[in-house]
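Q: The sequence and its predicted three-dimensional model are supplied below.
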Amino acid sequence: MPELPEVETVRRGLEPILTGARLGQVRQNRPDLRFPFPDDFAARLDGATVDHVGRRAKYLLMPLSTGETWVTHLGMTGRFTLDGRQLGEFEEPAPIAGKHEHLSLCAHKEGARTRVGFADARRFGFMGLIATDEVETHPWFANLGPEPLGNSFSGAHLAERFRGKAQNIKVSLLDQRIVAGLGNIYVCEALYRARISPTVAAGKVSRPRLERLAAAVRLVLEDAIAAGGSTLRDFANAEGGQGYFQHRFDVYGREAEPCRDADCSGVVRRIVQAGRSTFYCPRCQRR
């Protein structure tokens, strides 16, 4: 599933096309994705102007002139297309046309028109329309933790939320109530950079180490965004290109390969935690 950097990359690609654009010729091709589309969805989008393209955790949010916000979650294979262009090359091809395109519209802006499509071959994504002044209290958002790139995220925040917590730190960091938008890939990478074992109980990690972890989370996300995302399997950015951060992963997907630290003789290990693969260097990341 695309993670925060991938969603942010898509947001940045859509922003210049959709911000200030009037939506028209909206066509909804099926009644549902993961969940049913809102009632009269196409009609409620048609004629609306997009104020801006935002992001909260792994959601894209587009406040409209109608007083509603168009919310999209990409799921696993959800992607936007611009003028029919396929958005990147994929290890596993996922169709973006024909029966797999579930929504299309035209964005009219400054005399130009761009056709925007949304395809989702596996239909794990979903869309909603929420009153803009109720977004923060909506069930999708009400219990989300702070953004990892925002001012509210810090080692102090982690120390408070992890106090007395026996659950391992890897799974704890994936809890969206603690920090919003973090996913499996970047948690593995951040724990490696902070030299913290993924198996240690969250409540046993000292405040200085949590400060180091918070800084590592920010840096690994910023690096991934700058590189345009990870381009793992079905993800592609909104400019039609691939990100290249995947080629710089320190541990993710590198089972049995040497640790990238020149001073370490360790080998990357893979374990399973809460049904998700965890990659780490047991020599560098000691408890």
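A: Okay, I see it.
Q: Please, where are all the strands along the stretch 51-200 of the chain?
A: Here the stretch 51-200 of the chain has its strands, by DSSP state E, counting those that start in this stretch, at 54-56, 59-63, 68-73, 78-82, 101-109, 112-120, 126-131.
Q: Nearest to F141 among those would be which one?
A: Nearest of the strands of the stretch 51-200 of the chain to F141, taken as C-beta to C-beta: strand 54-56 at 6.0 Å. C-betas here are computed from N, CA, C, even on glycine.
Q: Mind giving me the packing neighbours of the closest one?
A: Using 3 or more C-beta pairs under 8 Å, 6 or more residues apart in numbering; DSSP states H and E, the elements in contact with strand 54-56 are helix 4-18, strand 59-63.
Q: what lines up beside the last one in the sheet?
A: According to DSSP bridges, the neighbouring strands of strand 59-63, each with its direction, are strand 54-56 (antiparallel), strand 68-73 (antiparallel).
Q: Which one of the ones you listed lies nearest to G24?
A: strand 68-73 (14.2 Å).
Q: Touching that closest one from outside, list them.
A: Strand 68-73 is touched from outside by 34, 44-45, 48, 50, 58-64, 78, 118, 125-132, 135, 140, with contacts defined as C-beta atoms under 8 Å, 6 or more residues apart in numbering.
Q: Could you do stretch 103-112 as well?
A: Contacts to stretch 103-112, defined as C-beta under 8 Å, 6+ apart, come from residues 17-18, 20-29, 42, 45-46, 50, 113-118, 127.
Q: Pull out the buried residues from that stretch.
A: Buried positions in stretch 103-112, judged by neighbour count with 16 or more other C-beta atoms under 10 Å: L103, S104, L105, C106, A107, H108, K109.
Q: just the residues you listed now: which is nearest H157?
A: Nearest to H157 out of those is L103 (C-beta to C-beta; 36.9 Å).
Q: Please name the bridge partners of the closest one.
A: Judged by DSSP bridges, the bridge partners of L103 are Q28, F118.
Q: Could you report the separation of it from E8?
A: Taking C-beta to C-beta, to the nearest Å as the measure, L103 falls 21 Å from E8.
Q: So which residues of the stretch 101-250 of the chain form helices?
A: For the stretch 101-250 of the chain, the helices defined by DSSP state H, counting those that start in this stretch occupy 155-162, 169-173, 184-194, 207-227.
Q: Next, format the ones you listed as JSON lines and append distance to R276, mean pLDDT and mean neighbour count.
A: Listed next are the helices of the stretch 101-250 of the chain as JSON lines, based on distance: least, C-beta to C-beta, whole Å; pLDDT from 0 to 100; neighbours: other C-beta atoms under 10 Å:
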{"stretch": "helix 155-162", "distance to R276": "19", "mean pLDDT": "98", "mean neighbour count": "18"}
{"stretch": "helix 169-173", "distance to R276": "8", "mean pLDDT": "98", "mean neighbour count": "23"}
{"stretch": "helix 184-194", "distance to R276": "5", "mean pLDDT": "96", "mean neighbour count": "24"}
{"stretch": "helix 207-227", "distance to R276": "17", "mean pLDDT": "93", "mean neighbour count": "18"}
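Q: Pipe the ones you listed into TSV and attach distance to L149 per row.
A: What follows is the helices of the stretch 101-250 of the chain, written out as TSV (distance: least, C-beta to C-beta, whole Å):
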stretch	distance to L149
helix 155-162	13
helix 169-173	15
helix 184-194	11
helix 207-227	6
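Q: how about the strands of the stretch 51-200 of the chain, which one is nearest A226?
A: Of all those, strand 54-56 comes closest under C-beta to C-beta, at 15.9 Å.
Q: So which residues make contact with that closest one?
A: The contact list for strand 54-56 (C-beta under 8 Å, 6+ apart) reads 4, 7-8, 11, 60-63, 135, 141, 144, 147, 180-181.
Q: So which bits of that strand are buried?
A: Going by neighbour count (16+ other C-beta under 10 Å), the buried part of strand 54-56 is G54, R55, R56.
Q: List the contacts of R113.
A: Each residue near R113 by C-beta under 8 Å, 6+ apart is listed here: C106, A107.
Q: what's the answer for F41, then?
A: If a contact means C-beta under 8 Å, 6+ apart, then F41 has Q28, M127, L129 as its contacts.
Q: How much space separates the last one from W70?
A: Spelled out, it's L129. 6 Å.
Q: any residues in contact with both of the two?
A: L45.
Q: So which of these two has more stuff around it?
A: W70 (24 against 20; other C-beta atoms under 10 Å).
Q: Report the beta-bridge partner residues of the more buried one.
A: Beta bridges link W70 to M62, L129 when assigned by DSSP bridges.
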